[in-house]
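Here is a sequence with its predicted model. Questions after.
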Amino acid sequence: MAGADAAAGVPSSAERGDLTVLCCTANIGNTLFTEFGGWVPKNGALPASAKTEGFYDVIAVGMQECVFGVSAEDLKDLETEGFGKNDEEDEDEDGARHSESRLSVDAEAGRERRRSSSPRVSPKSGRRRSPSPKSTKSQGGWGSLLMDRVDGKCTEHINEVFQEHLGPDYVLTAKIRKMQMRLRVYTHKSVEVLKDSVQTSFCNTGLNMGVVRVANKGGQIVKLTACKGKTATTLCFVNSHLAAHEGHAAERDASIHKIMDGVEVGRRQIDFSHQCDYSFWMGDMNYRTDFLPVEPGLAKGEDKKADRAAVWARVHSLTEDITGADVGKATAARKLLWQADELMRGSVGLENPELDAPITLTRDALNGWQTLRPMFRPTFKVIRDTPHDYVEKRIPSYTDKVLWTHQPGFHDRIRSHVYNSFPDFLTSDHKPVHCGFTIVPTLAPRGQAAPLFEVVSPPDDVAIKIAAFDLSCKNIVRSVESRDVPDPYLKFYCSTAGLIDKFKPKGKEKKGLLGALHKGAKQVVKNITGSSSTPQTTWKKNDVNPDWEGEIKFMKLQIPPDVGMKAFCELHLLIACLDHDDGAADDRLGVVSVCIADLFAHPGGVFELKDAPLRNNGKLCGMLSAKFVTFHSNGPDEQNKPFMDKVAAAKVMTD
């Protein structure tokens, strides 16, 4: 956003200071660990590649398969209560020492059934809350109690080892656990987390137990606003464990869509990746090395299936080349493995010779998100207690990943300074990964009493007035399967709540084009969802290529008195495409985000969106086009003639 920064007079990174963020992910392998092997740095220390001394401001830790400490006494209790001793090893997938504990599956399923059958709904957020435990027996019997006992032991151990490792300067700001998955966010004491900004949620995508999905697979999210000085940066962290096994990439894609649709933070009409300045996704994502498209000669037989032994030998030789002395062979080996990775394949920038430059995903899962190309060996499936010896039953793969996305205009404000795996972590068949970021923090328009999407009442004396016209979408598809053709409409939000309103120009009736604009602005649009003050278009019946020709949406973005234009220009206009439904809540079809600074990049003219990607739940779901005219006003709505003249001129110019 270098150009926009200069135009708006935004303070430089040096004037703001940096915000440093570390994302750490590890499949623990349901084994007790006491050593980190480097994947979480001691005392949160920054690496030399950060080009500055100090510590990370925010450390997010995602753990999968993180349950341990089931004693022989516990197992005997399980047998007595009928849970059985069934800890059958999943040797096909996760090796002789790993098991998907029947204890944790049964206990978690019992909890989820109770939540499903007797939900309590928060009147403020509409989120489902689990019932308060009243008696052990009614909450799932001794199996559930035993799971709580085991979890208590695990949590106590994790608290101790992390506190000792990170030191007294870090605070556990947020945590969430579902079955064997844990997401914990630590912040340094020098960072203030905005009051009431911390939100957590989850979505299970694992074993189907009838009325519920179990959390052996799924995603967890933490959202918060981190403040340093006069900055307030909104961050989201997702920890995920996706569907396992080779050949199941489509299931992993579907799990991502379900997680993004199912987690509940902020406003339902806007997915979390469009609510936050920066979003991070980490975990055992289970995307595998699919080498046959890279070297078709490894197929055999009439059905042209891969010769598994030949593929394993070929991939294993490439993993050896990566750390070999021959730089040319190492580079060539990495490129082949990147091209064979199910998630990275086809990404924009994959062939970029600048190896520390991020790539942008084009797959229909986390579409538009970014990651770095791993310079290290594949993280799975490693023989436990060895640094990098691979199990022959599984093709070595980069299953453990960290990805990120950001709001438009912030591309130049985030830099990844480290992306490593840690072979010295020996207790699992995965190698942990971490990725560190240096971020130019966002100036703070958000007051202590105004977290994202909370309704506030700012003064009416300073505002940016916006007219949106020539609105259209094309090729709308749903991110989840449905036979229904959508009835789409557009609704406008601001990334900070309470600052956007629709307004109706006042004054004498005009003739000609200007009169038509006034008439259009005065039309009363039937309130479809939400507050009547939220600007929105009419809805189009059964239309995947809607065109709101003739509709002009007038909106006003208030500037609170304690917020300057510099901070205001770092906000975003969010355009949600929703599916009108008479009998249920309107579904989200996609969202486009526009940086407010970009609306002012064409003084006296028009800012045009042309086929902007309409994304929903990490999937490309269509394109949106629109034109905008802006006007800076510090007077009442009656003083609209200069603005309306500007809109009329722009409309004539672009027609």
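Happy to help now that I have it.

tell me the phi and psi of the closest residue to K178 other than its chain neighbours?
Spatial nearest neighbour of K178, excluding adjacent residues (C-beta to C-beta, 6 or more residues apart in numbering): A215 at 3.7 Å. Backbone N, C-alpha and C define where each C-beta goes, glycine included. Here the main-chain torsion angles of A215 (degrees, to the nearest 10) amount to phi -90, psi 30.

Any idea how many residues pack against A215?
26 (other C-beta atoms under 10 Å).

distance of it from T25?
The spacing between A215 and T25, counted by C-beta to C-beta, to the nearest Å, is 17 Å.

try G219
12 Å.

got it, and P546?
Taking C-beta to C-beta, one finds P546 at 40 Å from T25.

Which residue of those two possesses the greater neighbour count?
T25 (29 against 25).

Next up, the contacts around the more buried one.
Residues near T25 by C-beta atoms under 8 Å, 6 or more residues apart in numbering: 61-64, 239, 282-284, 400-402, 432-434.

For these, which single residue is the most surrounded?
That'd be G62 among those, by other C-beta under 10 Å, with 32 neighbours.

Make sure I have this right: that residue is in a strand.
Yes. Assignment of G62 by DSSP: H, G, I helix; E, B strand; the rest coil places it within a strand.

What sits closest to it if chain neighbours are left out?
Leaving aside its chain neighbours, G62 sits nearest to N239 (3.1 Å; criterion: C-beta to C-beta, 6+ apart).

name the element the one you found belongs to?
N239 belongs to strand 231-241 when elements are defined using DSSP states H and E.

got the CA positions of that strand in PDB?
Extracted in PDB, the C-alpha atoms of strand 231-241 (Å, rounded to 0.1, in the frame of the first residue of the first chain):
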ATOM      1  CA  THR A 231      -2.200   1.100  16.600                       C
ATOM      2  CA  ALA A 232      -4.800  -1.600  16.800                       C
ATOM      3  CA  THR A 233      -4.400  -4.600  14.500                       C
ATOM      4  CA  THR A 234      -7.100  -7.300  14.200                       C
ATOM      5  CA  LEU A 235      -5.700 -10.800  13.900                       C
ATOM      6  CA  CYS A 236      -7.300 -14.200  13.300                       C
ATOM      7  CA  PHE A 237      -5.700 -17.600  13.900                       C
ATOM      8  CA  VAL A 238      -7.000 -20.900  12.700                       C
ATOM      9  CA  ASN A 239      -5.700 -24.300  13.900                       C
ATOM     10  CA  SER A 240      -6.900 -27.200  11.700                       C
ATOM     11  CA  HIS A 241      -6.600 -31.000  11.300                       C
END
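
Show me what A463 is bridged to.
Q558, S633 (DSSP bridges).

if we can go back for a sec, overlap in contacts, G219 and T25.
Here G219 and T25 have N239, G283 as joint contacts, going by C-beta under 8 Å, 6+ apart.

Quick one: low-confidence residue ranges for the stretch 301-450 of the chain.
301-304, 444-450 (pLDDT under 70).

All the helices of it, residue numbers only.
Using DSSP state H, counting those that start in this stretch, the helices found in the stretch 301-450 of the chain span residues 308-322, 327-340.

Redo the ones you listed as JSON lines? Include mean neighbour count.
Formatted as JSON lines, the helices of the stretch 301-450 of the chain follow (neighbours: other C-beta atoms under 10 Å):
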{"stretch": "helix 308-322", "mean neighbour count": "17"}
{"stretch": "helix 327-340", "mean neighbour count": "17"}
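
got the contact list for G167?
Contacts of G167 (C-beta under 8 Å, 6+ apart): N43, G44.

and if we set it to 10 Å?
Residues in contact with G167 (C-beta atoms under 10 Å, 6 or more residues apart in numbering) are K42, N43, G44, A45, F55, H188.

Repeat that for D321.
Here D321 is in contact with G328, K329, A330, T331, A332, A333, R334, L336, L337 (C-beta under 10 Å, 6+ apart).

Would you check that my belief about the third one contacting M375 is correct?
Yes. A330 lies in contact with M375 (C-beta atoms under 10 Å); the separation is 8.9 Å.

residues bridging contact with the two, i.e. touching both?
I322, T323.

K491 versus R267, what's the distance?
Counting by C-beta to C-beta, the gap from R267 to K491 is 10 Å.

correction: W281
26 Å.

quick one, which of those two is more surrounded?
Between W281 and K491, counted using other C-beta under 10 Å, the more crowded position is W281 (28 against 22).

is it true that the more buried one touches G618?
Yes. At 8.8 Å, W281 counts as touching G618 under the criterion of C-beta under 10 Å.

Find residues that contact each of those two.
Joint contacts of W281 and G618 (C-beta under 10 Å, 6+ apart) are I256, I259, M260, S273, L366, W369, L403, T405.

didn't the fifth one look like it was pressed against K619?
Yes. A contact is recorded between L366 and K619 when judged using C-beta under 10 Å, the distance being 8.8 Å.

out of the two, which sits in the more crowded spot?
Shown here are L366 and K619; by other C-beta under 10 Å, L366 has more neighbours (28 against 24).

need the contact list for that one.
L366 sits in contact with 238, 253, 256-257, 260, 273, 279, 281, 285, 343, 360, 401, 403-405, 615, 617-619, where contact means C-beta under 10 Å, 6+ apart.

Any chance of a PyMOL selection covering the buried ones in those?
Entered in PyMOL, the line below selects the buried ones among those, by 16 or more other C-beta atoms under 10 Å:
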select buried, resi 238+253+256+257+260+273+279+281+285+343+401+403+404+405+615+617+618+619
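
and the contacts of L366, which of them are in strands?
V238, S279, W281, T360, K401, L403, W404, T405, R615, K619 (DSSP state E).

Throw those into JSON lines and include distance to K178, thanks.
As requested, the ones in strands among the contacts of L366 are exported to JSON lines (distance: C-beta to C-beta, whole Å):
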{"residue": "V238", "distance to K178": "13"}
{"residue": "S279", "distance to K178": "20"}
{"residue": "W281", "distance to K178": "16"}
{"residue": "T360", "distance to K178": "30"}
{"residue": "K401", "distance to K178": "20"}
{"residue": "L403", "distance to K178": "21"}
{"residue": "W404", "distance to K178": "23"}
{"residue": "T405", "distance to K178": "23"}
{"residue": "R615", "distance to K178": "26"}
{"residue": "K619", "distance to K178": "24"}
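
just curious, which of the residues you listed is nearest to R415?
W404 (10.8 Å; C-beta to C-beta).

Can you report how many residues neighbour the closest residue to T200 other than its chain neighbours?
In space, and not counting its chain neighbours, T200 is closest to I176: 4.5 Å by C-beta to C-beta, 6+ apart. Counted with other C-beta under 10 Å, residues neighbouring I176 total 16.

Next one: I176 from H434, what distance?
Counting by C-beta to C-beta, the gap from I176 to H434 is 19 Å.

do the same with K491
For K491 relative to H434 (C-beta to C-beta), the value is 38 Å.

same deal with Q558?
Distance from Q558 to H434, by C-beta to C-beta: 41 Å.

where exactly do the helices run in this protein?
2-8, 13-16, 72-80, 91-94, 102-117, 141-166, 249-262, 272-275, 308-322, 327-340, 512-522, 565-568, 596-599, 641-654 (DSSP state H).

All good on my end, thank you.
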